[in-house]
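Asks: would you be able to build a 3D model of this:
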Amino acid sequence: MKKYTVEFIGTFFLVLGAIQFGAIGASLCLMIMVYAGGHISGGHFNPAVTFAVVIRGKSSVREGVAYWIAQFLGGLAAALLVIYVFQKEGTGDCMITQDGIGKAIVAEVLGTFALAYVVLNTATSKGTTGNSFYGLAIGATVLAMFYSVGNYSGGAFNPSVALGLTIQKSFCWGQLWIYFVSCFAGGALAGIIFNYVNEDDVPVPPIPKAD
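Replies: Take a look at the predicted model:
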């Protein structure tokens, strides 16, 4: 339960930062929360990153689903806080044009892939065990990807952030699917490629004992 609590808290502040201060707020809050809670939960704060970690073999599907619940609840809570306490609400207009959907999907896949790939390599790889830079690397990746491709999609790179921004009406409900499909695809791709290039670091399932 402690891990899920940390994932809720971390995602809450990540989404809060994203809504209130955009990419800079999101990247700073993510970096801070990773350092604060990474040693307890792994510091995912992103359902797509959790998906990558499950594919990488560092988490079970059951635990991954529990992480998703905590992360989505964190994003929901942050959005509701901003709406009802700070009274900050968007227009609900769709920012992505019909012609721009393809570019937005590519942008979200690339941004999420980069983020999940960095997380896997700096926070789960045996070659970087005990490093002190993983939080900075993860937060900086969000900022770098936002300024690289965020103009095409809004730069969520995280289904929980996309949900929070949709509830708060910075994004529109009709385009939420773009972020879910693209982000989970980017996370899956990161997990698959990590396993391919790090064959000696992929957990081997235990052999069942004979009765």
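Asks: and P208, what pLDDT?
Replies: Per-residue pLDDT puts P208 at 51.
Asks: quick check: closest non-adjacent residue to the spatially most central residue of the chain.
Replies: What sits nearest the mean C-alpha location of the chain, by C-alpha atoms, centre = their mean, is N46, with 2.7 Å. Computed as C-beta to C-beta, 6 or more residues apart in numbering, the closest residue to N46 that is not its neighbour in sequence is N158, at 4.4 Å. For glycine as for every other residue, the C-beta is placed from the backbone atoms N, C-alpha and C.
Asks: what's whatever helix or strand G150 lives in packed up against?
Replies: Here G150, judged by DSSP states H and E, is contained in helix 134-153. On a contact count with 3 or more C-beta pairs under 8 Å, 6 or more residues apart in numbering; DSSP states H and E, helix 134-153 meets helix 2-41, helix 101-119, helix 176-197.
Asks: return the set of buried residues in that helix.
Replies: Judged by neighbour count using 16 or more other C-beta atoms under 10 Å, the buried positions of helix 134-153 are 134-135, 137-139, 141-146, 149-150, 152-153.
Asks: compute the inter-axis angle for that helix and helix 2-41.
Replies: Between helix 134-153 and helix 2-41, the angle comes out at 110 degrees (axes from the mean of the first three to the mean of the last three C-alpha atoms, to 10 degrees).
Asks: and the contacts of the helix or strand that comes right after helix 134-153?
Replies: Following helix 134-153 in sequence order, the next helix or strand is helix 159-167 (DSSP H and E). Contacts to helix 159-167, defined as C-beta atoms under 8 Å, 6 or more residues apart in numbering, come from residues 11, 14-15, 18-19, 26, 45-48, 71-72, 74-76, 78-80, 83, 90, 154, 156, 171-173, 176, 179-180, 183-184.
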